[in-house]
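**Student:** Got a predicted structure plus its sequence, pasted below:
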Number of protein chains: 2
Amino acid sequence: MSRLVGKVLVAQGGGPTPVINQSVVGVALEARKFSQVTAVYGAVHGVRGIIEENFVDLTRETTNNLEKVAGTPSSGLLSTRDKPDEDYCARMFKVMQAHDIRYFFYVGGNDSSDTVRIVNEQAKEANYELRAIHIPKTIDNDLEENDHCPGFGSAARFVAQAFMGVNLDNRALRGVYIGVVMGRHAGFLTAASALARKYVDDGPHLVYVPERAFDVDQFLADVDRAYSKTGVCTIAVSEGISDAEGTPMISKLMSVEERDAHGNVQLSGTGALGDLLTETIRTKLNIKRVRADTFGYLQRSFMGCYSDRDAREAREVGEKAVQYAMWDNVDGSVVIRRPVLDYSVDYDLVPIEKVAGKTRHMPDHFINEAGNGVTDAFHNYCRPLLGSGLPESHRLRAPIVPKVLNV
Amino acid sequence: MSRLVGKVLVAQGGGPTPVINQSVVGVALEARKFSQVTAVYGAVHGVRGIIEENFVDLTRETTNNLEKVAGTPSSGLLSTRDKPDEDYCARMFKVMQAHDIRYFFYVGGNDSSDTVRIVNEQAKEANYELRAIHIPKTIDNDLEENDHCPGFGSAARFVAQAFMGVNLDNRALRGVYIGVVMGRHAGFLTAASALARKYVDDGPHLVYVPERAFDVDQFLADVDRAYSKTGVCTIAVSEGISDAEGTPMISKLMSVEERDAHGNVQLSGTGALGDLLTETIRTKLNIKRVRADTFGYLQRSFMGCYSDRDAREAREVGEKAVQYAMWDNVDGSVVIRRPVLDYSVDYDLVPIEKVAGKTRHMPDHFINEAGNGVTDAFHNYCRPLLGSGLPESHRLRAPIVPKVLNV
């Protein structure tokens, strides 16, 4: 077996997650066990750090500090939204060559996996021997081939804990509450709101995901029915909900669309969708107390809220990526399988083309027939991912006092 | 000493907090130690539950369940925004008399303390012997006579943890980030965002509170200066920021103002202020990546995030309220003093008029001269209130790799 001797380069791309640093640290610590690795560099701000030759030497980090950074949310090596084209990749190789980098590990989602694919192709064309492996992360949980993605469990836990709270809050003051959850094309994270339910009348009472066309009339009918019953209606909505033609509801609102380098319309960092739905309910159903919160960046960054299982798996995909590259000398994308429902995982390496730039959606059997809620199958799928020690709400069980005046 | 024999009634008013149930449980458990108390009732939905004769019997609750509810955020007895007038109070007495209620404990903020004041006055006029004690709670921390208010520490911890996270997130992808924090007239909660800072260049880099007139030009100059330096600017803004004439910035935006029974303009449950500020920065400073999140109801309800110190104090004010009423046979409002800076508290009872309907603001020495940040004095004041085990961010300390190509 020929051993490819040289440096390891690890970087992070796209939106951060609460556990993304676990994967970087998994790479850094595992790579140090292999004698063909001459150093482990980290690129600052993803692929941009490569063309700018902006590296830090992770082999000069203490294990203690690596572990502390692993427990810190958001990309410790900082991130980028750059999408390399042929020219961009050529500049990357030049830098990699100059630093004798022979192993490239990129932690990211759909767009980042596509970056790995392009880099890998360009490396082959340029006859530059380079192992390039994509390490999965995304709070959207929308990578193909994966049972679930590192980062999702922690974000899902945040969403579940948030809905536990707002459900209690809305129950106390009564009315309609809408929580807008991240998720451009995949509704997994929004669906995780359903894990907040404990008592039979707990919210969210309605859950809308991008996998079903959003119909305003149907939405109003759903809200009216739920609200009429109890005077309380708590709703989870994906930021990416779209009409039957596939036009995002939010695009209908914004005068100037903002698109990133990958052509994605900006959905986050604005309360516009929540405010539109609020206004619609208020005017059409004549309900006075209607509130909307857009959970925004807290979902992927909130300090102190993460799934311990998610953190361990995020570490493992980093370790596995190094092992595939070193022991097997192959390229690809690390994926997570779930051989048993409750609960264990296996790791595998698949050709990058199977993951790159593709989007996985919620399977049909996770969404209820009416398209306004999730199924038991989704509960069973999602529950273990939230990790241990999930907080739980409790209600008074004190008996009602018989009325004396009864006016 | 004459003993007033009869039932205890406890209720919760206004916006919930993460620890408000601690106070109810403090009342329920402490009251059971006094033989003149014939039962402890809870009114469902605050004063509204009284006129509707909607009571539960807390003496038929188990201690275990009371303790579990104490650890659950939001009002376990549910809440109301009703503001009793003379007629409303007359109906309350009628019900109280019918049930032989002689002790009334109301857990709430400014508006609820005013309710206690009215009820107390009306009781005296009606010659109905009733002890009425206000138990403080408010995430806004704006009750007069108090060093700080139960509920604030937990909400402040949420805000601090949120800013720890979004600061890392914004640092990773670069740009301007605005977090809109609850606080109508008092900026304490927004100021707590500053406790998120650990490293010298950590955000929030700018903090705007309602105690200072908000000037858009000054704001833009501040953002421009901070952003130009590093390409990263994280900002905390109170939802209640107002111009020099005292007009809330949000009022300038909303076509139809919503006001509650206390005459307060609706500030929460909308992303409008964040979106306005975003748009202003984007167009005037020509910065592309500008994001805003409105933290909304998560701040006061998020499951699993609370200050242990805050929880213990919320329990104590409930206990103390009962002790003042039973041992001393007096009315008033329980207040928290801080005899030493770091850290112990004393409890006191003050005449309700000193608290009712009044708003405490941040003292001048907590706000920096430029009006866009907080002082060390505020840090010292706020830090102990967040409780123990606050999570902490960590950065890589790996050395920069010398450039080889240096293009």
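**Tutor:** Yep, that arrived.
**Student:** in stretch A:60-78, what counts as buried?
**Tutor:** Applying a neighbour-count criterion of 16 or more other C-beta atoms under 10 Å in any protein chain shown, the buried positions in stretch A:60-78 are A:61, A:66, A:68-78. All C-beta atoms are positioned from the backbone trio N, CA, C, and that covers glycine.
**Student:** And for stretch A:333-346?
**Tutor:** A:333, A:334, A:335, A:336, A:338, A:345.
**Student:** Out of these, flag the one nearest to residue B:159.
**Tutor:** Closest to residue B:159 out of the buried residues of stretch A:333-346 is residue A:336 (34.1 Å), distances taken as C-beta to C-beta.
**Student:** tell me the secondary structure for that closest one?
**Tutor:** Three states are possible here, and by DSSP: H, G, I helix; E, B strand; the rest coil the one that applies to residue A:336 is strand.
**Student:** If you count contacts, what does the helix or strand residue A:23 falls within end up packed against?
**Tutor:** Residue A:23 is part of helix A:20-31, with elements assigned from DSSP states H and E. For helix A:20-31, the helices and strands in contact under the criterion 3 or more C-beta pairs under 8 Å, 6 or more residues apart in numbering or on different chains; DSSP states H and E are strand A:6-12, strand A:37-43, helix A:63-70, strand A:101-108, helix A:308-323.
**Student:** Residues in contact with it: which ones?
**Tutor:** Helix A:20-31 is touched from outside by A:8, A:10, A:12, A:37, A:40, A:42, A:58-59, A:61, A:63, A:66-67, A:69-77, A:103, A:105, A:107, A:135, A:137, A:150-151, A:311-312, A:314-319, A:321-323, A:326, with contacts defined as C-beta atoms under 8 Å, 6 or more residues apart in numbering or on different chains.
**Student:** separation between residue A:319 and residue A:150?
**Tutor:** Residue A:319 is 12 Å from residue A:150, where distance means C-beta to C-beta, to the nearest Å.
**Student:** neighbour count winner among these two?
**Tutor:** Comparing residue A:319 with residue A:150 by other C-beta atoms under 10 Å in any protein chain shown, the one with more neighbours is residue A:150, at 34 against 21.
**Student:** The more buried one against residue A:313, yeah?
**Tutor:** Yes: in this structure, residue A:150 is within contact of residue A:313 by C-beta atoms under 8 Å, at 5.4 Å.
**Student:** so what's in contact with those two at the same time?
**Tutor:** When C-beta under 8 Å, 6+ apart defines a contact, the residues bordering residue A:150 and residue A:313 alike are residue A:336.
**Student:** host element of residue A:201?
**Tutor:** Using DSSP H and E, residue A:201 falls within no helix or strand.
**Student:** residue contacts, it?
**Tutor:** Contacts here follow C-beta under 8 Å, 6+ apart; on that basis residue A:201 touches A:230, A:232.
**Student:** Same check on residue A:115?
**Tutor:** The neighbourhood of residue A:115, defined by C-beta under 8 Å, 6+ apart, consists of A:13, A:47, A:83, A:84, A:106, A:108.
**Student:** what about the helices in chain A?
**Tutor:** Taking DSSP state H as the test, the helices found in chain A are A:20-31, A:46-51, A:63-70, A:86-98, A:110-125, A:152-173, A:188-191, A:216-230, A:272-285, A:298-301, A:308-323, A:376-382.
**Student:** List the buried residues in the fifth one.
**Tutor:** Buried residues in helix A:110-125, counting neighbours by 16+ other C-beta under 10 Å, are found at A:110-120, A:122-123.
**Student:** Now flag whichever of these is closest to residue A:160.
**Tutor:** Closest to residue A:160 out of the buried residues of helix A:110-125 is residue A:110 (23.9 Å), distances taken as C-beta to C-beta.
**Student:** was I right about that closest one contacting residue A:359?
**Tutor:** Yes: with contact defined as C-beta under 8 Å, residue A:110 counts as touching residue A:359 (5.9 Å).
**Student:** Just give me the residues shared between the contact sets of those two.
**Tutor:** When C-beta under 8 Å, 6+ apart defines a contact, the residues bordering residue A:110 and residue A:359 alike are residue A:142.
**Student:** Could you list the low-confidence segments of chain A?
**Tutor:** Confidence mapping of chain A against pLDDT under 70 gives the ranges A:1-2, A:253-269.
**Student:** tell me the contacts of the residue in it positioned nearest to chain B?
**Tutor:** Ranked by C-beta to the nearest C-beta, the top residue of chain A for proximity to chain B is residue A:271, at 1.2 Å. Contacts here follow C-beta under 8 Å, 6+ apart; on that basis residue A:271 touches A:180, A:292, A:294, B:270, B:271, B:272, B:274, B:275, B:292, B:294.
**Student:** Swap in 7 Å and give it another go.
**Tutor:** In this structure, residue A:271 makes contact with A:294, B:270, B:271, B:272, B:274, B:275, B:294, judged by C-beta atoms under 7 Å, 6 or more residues apart in numbering or on different chains.
**Student:** how many neighbours does the second one have?
**Tutor:** If I follow you right, that is residue B:270. When neighbours are counted by other C-beta under 10 Å, residue B:270 registers 27.
**Student:** Might one say that residue A:220 is in contact with residue A:284?
**Tutor:** Yes: taking C-beta atoms under 7 Å as the contact criterion, residue A:220 and residue A:284 are neighbours in contact, 5.4 Å apart.
**Student:** neighbours of residue A:353, just the number please.
**Tutor:** A count of neighbours around residue A:353, defined by other C-beta under 10 Å, yields 15.
**Student:** next one: residue A:21
**Tutor:** By other C-beta under 10 Å, the burial measure for residue A:21, its neighbour count, is 31.
**Student:** Quick check: it vs residue A:214, distance?
**Tutor:** 35 Å.
**Student:** just residue A:374 next, same as before
**Tutor:** 16 Å.
**Student:** So for the two, which residue has more residues nearby?
**Tutor:** Neighbour tally, residue A:374 and residue A:214, criterion other C-beta under 10 Å: the higher count belongs to residue A:374, 25 against 21.
**Student:** quick revisit: dump the buried residues of stretch A:333-346 into TSV; add distance to residue A:97 as well.
**Tutor:** Listed next are those as TSV, based on distance: C-beta to C-beta, whole Å:
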residue	distance to residue A:97
A:333	24
A:334	25
A:335	30
A:336	33
A:338	40
A:345	36
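**Student:** Closest one to residue B:288 out of the residues you listed, please.
**Tutor:** The shortest gap between residue B:288 and any of the buried residues of stretch A:333-346 belongs to residue A:333, at 30.5 Å (C-beta to C-beta).
**Student:** tell me the contacts of the closest one?
**Tutor:** Residues in contact with residue A:333, defined by C-beta under 7 Å, 6+ apart, are A:113, A:134, A:136, A:349, A:350, A:352, A:354, A:355.
**Student:** swap the cut-off to 6 Å and go again
**Tutor:** By C-beta atoms under 6 Å, 6 or more residues apart in numbering or on different chains, the contact list for residue A:333 reads A:113, A:134, A:350, A:352, A:355.
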